[in-house]
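Peer 1: Need a 3D model of the sequence below.
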Amino acid sequence: MFSINGINLSNAVIAAPMSGISDLPFRRAAARLGAGMVVSEMVASIELARARPDVVRRTASDGAIFPLVIQLAGREAQWMAQGARLAEAAGADIIDINMGCPSRQVTGAASGSALMRDLDHALRLIEASVAATSKPVSLKMRLGWDHDCLNAAELAARAQSAGVQMITVHGRTRCQFFTGKADWSALRAVKEAVEIPIIVNGDIVDDATARDALSQSGADGVMIGRAMIGRPWLAGVVARALATGEAMTPPSLDAQKDAALVHYAETIAHYGAPLGVRMARKHLAAYVDHAPIDIDPALRRAFRAAICRIAAPERAAEALSAFFERDDATLECFAA
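Peer 2: Take a look at the predicted model:
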């Protein structure tokens, strides 16, 4: 049993917050399929306070996800505090602070991993967030801004002193973005600097990489990000593999088809059509890419392009079913 300040998780394999991916339907799918915890996509605290509709929608929950984790980003203490209060009011069980996003749009606004260049300011945001809520606060960061500024251990220690209850570290610097390889061993210094749980993130794609990341980092759990797109079941099967010591066993093809169809239907229901159709396209493409089906690569590519052009939800669901059922005649008709 893994616990965050008294909140018990079924396992310590966490689905990462991913912008444009980790909406309510995706999080619901990952939780249903065994992830120990799922984190919302990043929410700008100032825009949440202003009640911008698309930002408020990122905090949505229907009670099916526990714990509900809402991730906040920002650069001003007053708005981080207000965001924490609003997240708690929206039902959050845990509030996560983003100090790891490397995108130029976020760091250019002095948020995300840019905060690792000014730890005093970062601590002011953490302290404001912790003081504003009765819920546990966690923190996500990188190793540092660049290799001349590897200060994750220092930030972790100061965050712990400020009341943060769990820390996730992506094993790259901000300036690496997603290039190179995550340095899991660099998290050892972070783990040794604190007593709260540490989660290792970056390049974890299966049970083997999860085991290596845990061994090299000494971390208490793992966070899986991009590898879960099109495979929302991945965190669950990795968790079971870690618990049993056996190799992970993916769901059957039928189970993967059912997961994909339910995820698609819930995306349409959440957003309505036609927005739901557009929001679902990246997921449909990933399901087609990752489905363990022996099919000509050219036909797979043609079908992926075709299903992403379908405007009618019922027709897209029909096409997805045909793909998983290997109805070659129907596939060729859709891909034509």
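Peer 1: Strands of the chain, start to end?
Peer 2: Along the chain, counting by DSSP state E, strands occupy 2-4, 7-9, 13-15, 37-39, 43-44, 68-73, 94-99, 137-142, 166-170, 198-201, 221-224.
Peer 1: Tell me which of those sits nearest to Ala186.
Peer 2: Evaluated with CB to CB, these place strand 166-170 nearest to Ala186, the distance being 8.2 Å. Every residue, glycine included, has its C-beta placed from N, CA and C.
Peer 1: and that closest one, which strands flank it?
Peer 2: strand 137-142 (parallel), strand 198-201 (parallel) (DSSP bridges).
Peer 1: one step back: if you average pLDDT over each of the strands of the chain, which is lowest?
Peer 2: Between the strands of the chain, the one with the least mean pLDDT is strand 43-44; it has a mean of 88.
Peer 1: what comes up buried for stretch 85-98?
Peer 2: Using 16 or more other CB atoms under 10 Å as the test for burial, stretch 85-98 gives 85-88, 90-98.
Peer 1: Farthest-apart pair in these, please.
Peer 2: Pairwise distances across the buried residues of stretch 85-98 peak at 19.2 Å for Gly91 and Asn98 (criterion: CB to CB).
Peer 1: Just to check, Val288 is in contact with Phe324?
Peer 2: No - here Val288 does not reach Phe324: they are 9.4 Å apart, not a contact under CB atoms under 8 Å.
Peer 1: Which one's more surrounded, the two?
Peer 2: Val288 (24 against 19; other CB atoms under 10 Å).
Peer 1: distance of the nearest residue to the more buried one once chain neighbours are set aside from Val262?
Peer 2: Sequence neighbours aside, Arg304 is the residue nearest to Val288 in space, at 4.3 Å (criterion: CB to CB, 6 or more residues apart in numbering). Plainly put, Arg304 is 20 Å away from Val262 if you go by CB to CB, to the nearest Å.
Peer 1: how does this protein divide into domains?
Peer 2: With domains defined by automatic domain parsing, the chain comprises 2-244, 253-335.
Peer 1: Which among the strands of the chain is found nearest to Leu125?
Peer 2: Leu125 sits nearest to strand 94-99 of all the strands of the chain, at 6.9 Å, using CB to CB.
Peer 1: right, and the strands of the chain - which one's nearest His283?
Peer 2: The closest of the strands of the chain to His283 is strand 13-15. By CB to CB, the value is 13.8 Å.
Peer 1: Please identify the pairing partners of that closest one and their relative orientation?
Peer 2: Sheet pairing here is set by DSSP bridges, and for strand 13-15 it gives strand 37-39 (parallel), strand 221-224 (parallel).
Peer 1: Could you export those strands as TSV, including distance to Gly230 and mean neighbour count?
Peer 2: Listed next are those as TSV, based on distance: least, CB to CB, whole Å; neighbours: other CB atoms under 10 Å:
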stretch	distance to Gly230	mean neighbour count
strand 37-39	16	28
strand 221-224	13	27
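Peer 1: Tell me which of the ones you listed approaches Ser161 most closely.
Peer 2: Of all the strands paired with strand 13-15, strand 221-224 comes closest under CB to CB, at 21.8 Å.
Peer 1: For that closest one, what is the distance to the chain centroid?
Peer 2: Taking CA atoms, centre = their mean, to the nearest Å, one finds strand 221-224 lying 10 Å from the centre of the chain it belongs to.
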